[in-house]
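> Quick one: sequence and predicted model below, then my questions.
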Amino acid sequence: MKSQRKGRLREMQLASIGKLMAGLSHEFKNHLAIIKELNGLIEDLLLLEEPGQSPDSERYKKITSGINGRITEAAEMCRFLSRFSHRMDQPLSSISVTDVLQEKIYLLRRFAQQKKVDLISSFDEDLPAIFNNPSLLQFAIFCIIWPALELLQQGGRILITVVRKGQSVKIVVNLKGAMEKPEDETPWEDMLPEVLQILEAQLSRRIDQDGNEEVVITISSIENPYRDDT
Amino acid sequence: MSTVKVLVVDDEIEFATTLAERLNIRGFEATACFCTEDAIALIHAKDIPDVVLLDLKMPHMDGMEALEEIKKYNPTIEVIMLTGHGGGIPLIGAARQKHSPFDCIMKPADINDLTAKINQAMAKRQTAINKGEGE
């Protein structure tokens, strides 16, 4: 039973990565398509120029600035993707919760933008570093945010507030706005208790009278099984 | 032969406007539009394009839904889907779709391939018009 649950958890974590990669590779292709068109436009304009004619430098500057902007955005995406991928290098490590969550939020932001849902985050500056599983923590956040993105309608808001609580870190996710039934009913949220059990984190949920939900995760360091105390 | 009217529909404004400009340089009469709802409103306002270049993944009404609307209004308008979505092509011909696009081109596309497809799509539309379909 335990290995079955572990297998299911792995499948779901892989599925979450697949969802992100599919969306982000689509976004990446969009950047490339725009770069290709802008570059093509420069070629077209150069071919149209009469010999001896002075080039419209303002026009070219505008086009090349568009290309630079897209390259910057695509490079930023690659930087976050690379950091996200390396989170899986080691199951346990000393982590900055801010860095770990900011990566995940960055990757989820395009999906929020597509649905016109605000995804806002705020981090305390003095959060303690914790020793825990970074990729599972990212998966835990995915299990809250992804179904919310499917449920929330345009104009909805997801607010993530991360604060210090002694040597622990408290992650508060507020979901606000009208919800609709999703087409994809993958039970992401069902995985949350199991994920949090591995992370030795606590979970609490509260729904107010307007139907807005607050999910709170409190996470701290777990024992390092590889530490040599002798 | 009159100029081929092309409507480029993509929520990436920079992509739609640049592609429209490049098509205009090549002798097409291209216009850019940034959402499917506006594209359909344009068509309903009798500003009928010959060929629509339609992004598959758009907010609100996606490309496949827009294809149905356009074809319902005038089946001779040819639609070429543009997509950066890896699974885009297998979606074409899905059971729920009544109409099919003329073709589906992956982004980033080559402008020469695209103009060749537009001309082929236009030839198909012309044949349909000559047969008295949809007008």
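Yes, it's here. Numbering: from 1, shown residues only, chains lettered A, B, ... in the order given.
> For chain A, what lies in contact range of chain B?
By the rule C-beta under 8 Å from any C-beta of the partner chain, the part of chain A lying against chain B is A:22, A:25-30, A:32-38, A:40-41, A:44, A:48, A:66, A:70, A:114-116. Where you see a C-beta, it was placed from the backbone N, CA and C, and this is true even at glycine.
> Now which of those residues would you call buried?
The neighbour count (16 or more other C-beta atoms under 10 Å in any protein chain shown) marks A:26-30, A:32-38, A:40-41, A:44, A:66, A:70, A:115 as buried among these.
> now the residue of chain A most remote from its centre, what's its secondary structure?
Ranked by distance from the centre of chain A (C-alpha atoms, centre = their mean), the top residue is A:Gly52, with 51.3 Å. Counting by DSSP: H, G, I helix; E, B strand; the rest coil, the backbone at A:Gly52 sits in coil.
> Pull up the gap between it and A:Glu43, please.
19 Å (C-beta to C-beta, to the nearest Å).
> ok, back up a step: the residue farthest from the centre of chain A and chain B: what is the separation?
21 Å (C-beta to the nearest C-beta, to the nearest Å).
> again with A:Leu203
Counting by C-beta to the nearest C-beta - A:Leu203 and chain B are separated by 32 Å.
> Confirm that that residue sits in a strand.
Yes. Counting by three-state DSSP, A:Leu203 falls inside a strand.
> okay, and for chain B, where does confidence drop off?
B:1, B:86-97, B:134-135 (pLDDT under 70).
> Next up, the contacts around the residue of it found nearest chain A.
Closest to chain A within chain B is B:Gly84: 3.2 Å, counting by C-beta to the nearest C-beta. Neighbour list for B:Gly84: A:25-30, A:33, B:57, B:106-108 [criterion: C-beta atoms under 8 Å, 6 or more residues apart in numbering or on different chains].
> Which helix or which strand is home to the closest residue to chain B within chain A?
Chain B sits closest to A:Lys29 of chain A, with a gap of 3.2 Å, by C-beta to the nearest C-beta. Assigned by DSSP states H and E, A:Lys29 belongs to helix A:2-48.
> cool, A:Leu159 as well?
Per DSSP H and E: strand A:157-165 holds A:Leu159.
> and that strand, which residues are buried?
For strand A:157-165, the neighbour count (16+ other C-beta under 10 Å) marks A:157-158, A:160-162 as buried.
> Quick check: the two most widely separated of these?
Distances among these were taken as C-beta to C-beta; the most separated pair is A:Arg157 and A:Val162, at 16.5 Å.
> ok, now which ones touch B:Phe15?
A:30, A:33-34, A:37.
> okay, who's weakest in those by pLDDT?
Within the set of the contacts of B:Phe15, pLDDT is lowest for A:Asn30 (92).
> residues from chain B in reach of chain A?
B:12, B:14-15, B:18-19, B:21-22, B:25, B:57, B:59, B:84-87, B:106-109, B:111.
> Write the PyMOL selection for whichever of these are buried.
Selection of buried members from these for PyMOL, criterion 16+ other C-beta under 10 Å:
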select buried, chain B and resi 12+14+15+18+19+21+22+25+57+84+85+107+108+109+111
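> Strands - which of the residues of chain B next to chain A land there?
Under the assignment DSSP state E, the residues of chain B next to chain A contribute B:Met106 to strands.
> sec struct for the most centrally placed residue in chain B, please.
Per C-alpha atoms, centre = their mean, the C-alpha nearest to the average position across chain B is that of B:Val52, at 2.0 Å. Secondary structure, three-state DSSP: B:Val52 is strand.
> Show me what it is bridged to.
Bridge pairing for B:Val52 (DSSP bridges) gives the partners B:Leu7, B:Val79.
> who's in contact with it?
Counting by C-beta under 8 Å, 6+ apart, B:Val52 has contacts B:6-7, B:9, B:39, B:70, B:77-80.
> returning to what we had before: is it possible to get TSV of the buried residues of strand A:157-165 that adds pLDDT?
Formatted as TSV, those follow (pLDDT from 0 to 100):
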residue	pLDDT
A:Arg157	96
A:Ile158	97
A:Ile160	97
A:Thr161	97
A:Val162	97
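> Let's have those in CSV, adding distance to B:Lys117.
Formatted as CSV, the buried residues of strand A:157-165 follow (distance: C-beta to C-beta, whole Å):
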residue, distance to B:Lys117
A:Arg157, 42
A:Ile158, 41
A:Ile160, 44
A:Thr161, 50
A:Val162, 50
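> Could you list the low-pLDDT ranges of chain A?
The model of chain A has pLDDT under 70 over residues A:1, A:181-186, A:225-230.
> Show me how it divides into domains.
Per automatic domain parsing, the structural domains of chain A span A:2-86, A:94-219.
> List the contacts of the longest helix seen in chain B.
In chain B, taking DSSP state H as the definition, the longest helix is helix B:111-130. With contacts defined as C-beta under 8 Å, 6+ apart, helix B:111-130 is touched by A:37, A:40, B:4, B:6, B:19, B:22-23, B:26, B:28, B:50-51, B:53, B:75-78, B:80, B:102-103, B:105, B:134-135.
> cool, and stretch A:25-41?
Residues contacting stretch A:25-41 (C-beta under 8 Å, 6+ apart): A:63-64, A:66-67, A:70-71, A:73-74, A:77, A:110, B:12, B:14-15, B:18-19, B:21-22, B:57, B:84-86, B:106-109, B:111.
> Could you do stretch A:69-83 as well?
A:24, A:27-28, A:31-32, A:34-35, A:38, A:99, A:103, A:106-107, B:14.
> List the buried residues for it?
A:70, A:74, A:77, A:80-81.
> what are the ranges of the helices in chain B?
B:13-25, B:36-44, B:63-73, B:88-91, B:111-130.
> Columns distance to A:Ile171 on top of those, output as CSV?
CSV is the format used below for the helices of chain B (distance: least, C-beta to C-beta, whole Å):
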stretch, distance to A:Ile171
helix B:13-25, 36
helix B:36-44, 37
helix B:63-73, 37
helix B:88-91, 36
helix B:111-130, 47
